[in-house]
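Student: Predicted model follows, preceded by the sequence.
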Amino acid sequence: MRLLLNDAVPGAASPGDPLDAPALERLYAYPDRPWLRANMVSTLDGAAAGNDGRTGTINTPADLVVYTLLRDLADVILVGAGTARAEGYMSADPRTGDRAARAVAEGRAAHPEMAVVSGTGQLPPLLAERRENGGGVLLVTCEAAGAGALDRARHTLGADRVLVCGRESVDLRAAVDALVDRGLPRILCEGGPRLLADVAAADLLDELCLTVVPLLAGGVEQRIAVGTSADAPLVPGVVIESEGTVLQRWLRPEA
Ligand SMILES: NC(=O)c1ccc[n+]([C@@H]2O[C@H](COP(=O)([O-])OP(=O)(O)OC[C@H]3O[C@@H](n4cnc5c(N)ncnc54)[C@H](OP(=O)(O)O)[C@@H]3O)[C@@H](O)[C@H]2O)c1
């Protein structure tokens with residue numbers, strides 16, 4: 001991996017430097033305040049999934065390194081129910097290597113939490129299953145999901161793990177506030193495209209980590225953000241290249 005641009009983290013590394021794991025971790029460190037970072041992958045022609053409808057067919061080794069790092073650094077992974085169903089999401093694995101021990105030493109959990117957003121209150125099946133070494137699961141939903149769905153989710157997850165944010169639709173700002181109030185200020189949104197557009201439209205997106213893989217996919221897959229108009233400007237903070245994969249941090253412009 002080599003660094004092409006670093007306007008985000010002065011002193012972490014300089015353009016042209018090869019990047020080892022500690023340097024990469026410095027470049028992706030969360031700031032010391034509540035922060036919502038999204039992480040998405042795209043082909044050269046803008047497809048947010050391979051032609052099989054999943055991201056596994058467009059991921060590269062470099063993307064996997066950063067994907068794992070970003071999960072390790074986060075307190076909570078925020079994901080849309082559509083992505084959780086399409087990608088077979090399960091509760092999160094423990095942080096890798098010494099990152100779990102370091103998190104615990106800082107008073108944080110050994111695992112990131114998984115918070116799934118569903119307006120209909122339908123918990124994706126694999127997130128309803130308890131795994132021996134998996135982290136906690138939260139459901140972010142709204143009153144319009146209805147009493148039956150809310151009762152089922154509370155029965156499965158526990159009452160305090162169902163966050164009812166909004167009446168007719170999910171109020172994402174209230175959801176982010178609720179996560180921060182639970183002691184989870186480092187938020188990693190892994191999409192999908194509908195959730196990302198809604199997060200950006202609600203002016204909640206502090207940062208987009210975008211991996212562009214060296215593949216022209218064609219086909220009919222959607223872009224990384226679709227649905228609600230967002231018009232969120234972002235400025236480049238970090239650009240890294242590895243065997244044709246380009247890894248980028250795009251940041252909210254300074255106020
Ligand atoms: N390129 C990438 O980095 C990336 C990342 C993630 C996913 N993907 C791909 O994207 C595809 C899935 O797309 P998708 O549009 O289904 O993604 P999505 O945004 O994860 O799912 C949409 C569903 O999630 C729930 N949801 C999302 N935002 C919501 C909101 N603001 N309020 C209430 N509910 C909300 C709703 O579920 P309910 O119907 O339960 O209410 C909605 O139907 C898959 O092909 C996946 O592989 C790509």
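Tutor: Everything's here; your move. Numbering: from 1, shown residues only.
Student: now the helices for the protein?
Tutor: Secondary structure of the chain by DSSP state H: the helices cover 21-27, 61-73, 81-87, 99-105, 125-128, 147-157, 172-181, 193-201.
Student: For the stretch 101-250 of the chain, what lies in contact range of the ligand?
Tutor: Contact residues (Cβ under 6 Å from any ligand atom) of the stretch 101-250 of the chain with the ligand: 117-120, 122, 169-170, 172, 190-195, 198, 224. C-beta coordinates here come from the backbone N, C-alpha and C atoms, glycine included.
Student: So for those, which is the shakiest by pLDDT?
Tutor: Least confident of those in the model: residue 191, at 92.
Student: Enumerate every residue touching that one.
Tutor: By Cβ atoms under 8 Å, 6 or more residues apart in numbering, residue 191 lies in contact with 38, 40, 48, 79, 80, 83, 224.
Student: if I look at residue 199, how far off is residue 140?
Tutor: As judged by Cβ to Cβ, to the nearest Å, residue 199 and residue 140 stand 12 Å apart.
Student: Please identify the most buried of the helices of the chain.
Tutor: helix 193-201 (a mean of 22; mean count of other Cβ atoms under 10 Å).
Student: sorry, back to before: which stretch among the helices of the chain comes nearest residue 245?
Tutor: Comparison of the helices of the chain against residue 245 by Cβ to Cβ identifies helix 61-73 as nearest, at 4.2 Å.
Student: Can you name every helix or strand that the closest one contacts?
Tutor: helix 21-27, strand 35-42, strand 186-189, strand 207-212, strand 235-242, strand 245-251 (3 or more Cβ pairs under 8 Å, 6 or more residues apart in numbering; DSSP states H and E).
Student: winner for burial among those?
Tutor: Compared across the helices and strands packed on helix 61-73, strand 186-189 shows the largest average neighbour count, a mean of 26 (mean count of other Cβ under 10 Å).
Student: By mean pLDDT, which helix or strand of the chain comes out lowest?
Tutor: When the helices and strands of the chain are compared on mean pLDDT, DSSP states H and E, helix 99-105 comes out lowest with a mean of 93.
Student: domain assignment for the protein?
Tutor: Following automatic domain parsing, one finds the domains of the chain at 1-9+33-51+192-255, 79-189.
Student: From one end of the last one to the other, what's the distance?
Tutor: It refers to domain 79-189. Start-to-end span of domain 79-189 (Cα to Cα, to the nearest Å) is 6 Å.
Student: residues touching the residue lying closest to residue 187 once chain neighbours are set aside, list them.
Tutor: With sequence-adjacent residues excluded and distances taken as Cβ to Cβ, 6 or more residues apart in numbering, residue 187 is closest to residue 36, at 4.5 Å. Each residue near residue 36 by Cβ under 8 Å, 6+ apart is listed here: 78, 176, 187, 189, 199, 204, 205, 206, 207.
Student: The same query, at a cut-off of 10 Å, please.
Tutor: Taking Cβ atoms under 10 Å, 6 or more residues apart in numbering, we find residue 36 in contact with 76, 78, 172, 176, 179-180, 185-189, 199-200, 202, 204-207, 252.
Student: swap in residue 101?
Tutor: Residue 101 is in contact with 95, 110, counting by Cβ under 10 Å, 6+ apart.
Student: do you know how far it is from residue 94?
Tutor: Distance, residue 101 to residue 94, by Cβ to Cβ: 10 Å.
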